[in-house]
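Asks: Next come a sequence and a model predicted from it.
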Amino acid sequence: MQQVPLERVISTSLRPRPSWPTPEPRWPFPELPAQLSFLAEVDRQIHAPQLAELSAEIVQSGRWRDYVTVCEEYRDYRLVYENDFIDVWVLSWLPGQETGFHDHEISEVGICVAQGAIREHHMHLHASDTQHVMGEGQTQQGPFGYIHRVEYEEGAPAVSVHAYSPPLAWVGQYREQSGQLLRLRQPGRTRLAPA
Ligand SMILES: [Fe+2]
């Protein structure tokens, strides 16, 4: 049997990618501002602690404001930067908007809250979910295999910066069917939402 080369199995190639749900965000995105040029220097896969630092740096720069959206119809987000090793997003949250439980497949994630607050939930096998609120400047590290649910808590809108490595090509969205947990694999740019 012909063996599939490993790089094809774990490829994080950015193209082709499934199309966005409509309406599509602005594309191409604005040129990377000089204050965020450090993003272009990432030349290898990095892990959750560095991703959280990188998100915090974007928050401290103030340039996240360029990517904020206010959309009541659906949860909206904007791409700040992507290369072969990372992709970085600014997510805007309004009341009632949330992701549902999901994982990031092979990507690790670092989060930093830029404005307002978000609430993060974790799932436990034999206990109730736990949750905590993340306020401005707070970071969270999501290593390989991380599962969470994120929702709006406070702000107009709440804004958070999320950095992924390798780029978020796929996510696993969790659903319950007849009392059993299902994992649905979906393109990384899917607008995650509860069932
Ligand atoms: Fe996530």
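Replies: That came in fine, so what should we check first? Just so it is clear, the structure is predicted and the values come from calculations on it, not from any experiment.
Asks: Look up phi and psi at His132.
Replies: phi -150, psi 160 (degrees, to the nearest 10).
Asks: Make residue 1 into 24 and carry on from there
Replies: With the count now opening at 24, the last piece we talked about shows up as His155.
Asks: Give me the pLDDT for it.
Replies: Here, the pLDDT recorded for His155 equals 98.
Asks: and it, what does it touch?
Replies: Counting by Cβ atoms under 8 Å, 6 or more residues apart in numbering, His155 makes contact with 142-143. For every residue, glycine as well, the C-beta is placed using N, CA and C.
Asks: In the beta-sheet assignment, what are the partners of it?
Replies: The partner list for His155 in beta bridges (DSSP bridges) reads Glu143.
Asks: which stretches of the chain form helices?
Replies: Along the chain, the stretches classed as helices by DSSP state H are 29-32, 71-84.
Asks: Out of the ones you listed, the one nearest Gly178 is which?
Replies: helix 71-84 (13.3 Å; Cβ to Cβ).
Asks: and the nearest residue to Ala216 once chain neighbours are set aside, how far is that from Glu174?
Replies: Computed as Cβ to Cβ, 6 or more residues apart in numbering, the closest residue to Ala216 that is not its neighbour in sequence is Gly123, at 5.8 Å. Going from Gly123 to Glu174 by Cβ to Cβ, to the nearest Å gives 9 Å.
Asks: what does Ala218 give?
Replies: When Ala218 is compared with Glu174 (using Cβ to Cβ), they lie 14 Å apart.
Asks: who has more neighbours, these two?
Replies: Glu174 (19 against 11; other Cβ atoms under 10 Å).
Asks: so what's the closest residue to that one other than its chain neighbours up against?
Replies: Closest residue to Glu174 apart from its sequence neighbours, by Cβ to Cβ, 6+ apart: Glu121 at 3.4 Å. Shown in contact with Glu121 (Cβ under 8 Å, 6+ apart): 98, 172-175, 216-217.
Asks: doesn't Pro189 make contact with Leu130?
Replies: Residue 130: Ser, not Leu. Yes: contact criterion Cβ atoms under 8 Å: Ser130 and Pro189 qualify, at 5.7 Å.
Asks: With neighbour numbers in mind, choose between those two.
Replies: Using other Cβ under 10 Å, the more surrounded residue of Ser130 and Pro189 is Ser130, with 25 against 19.
Asks: Who's the closest spatial neighbour of that one, skipping the chain neighbours?
Replies: Tyr187 (4.3 Å).
Asks: pretty sure that neighbour is touching Glu128, no?
Replies: No: applying Cβ under 8 Å as the test, Tyr187 and Glu128 come out as separate, 9.9 Å apart.
Asks: Might you list the low-confidence residue ranges for the chain?
Replies: 24-53 (pLDDT under 70).
Asks: go with 80
Replies: 24-54, 213, 215-216, 218 (pLDDT under 80).
Asks: Spatially central residue in it, please.
Replies: His185 (4.8 Å; Cα atoms, centre = their mean).
Asks: longest strand of the protein?
Replies: For the chain, the strand that runs over the most residues, judged by DSSP state E, is strand 170-188.
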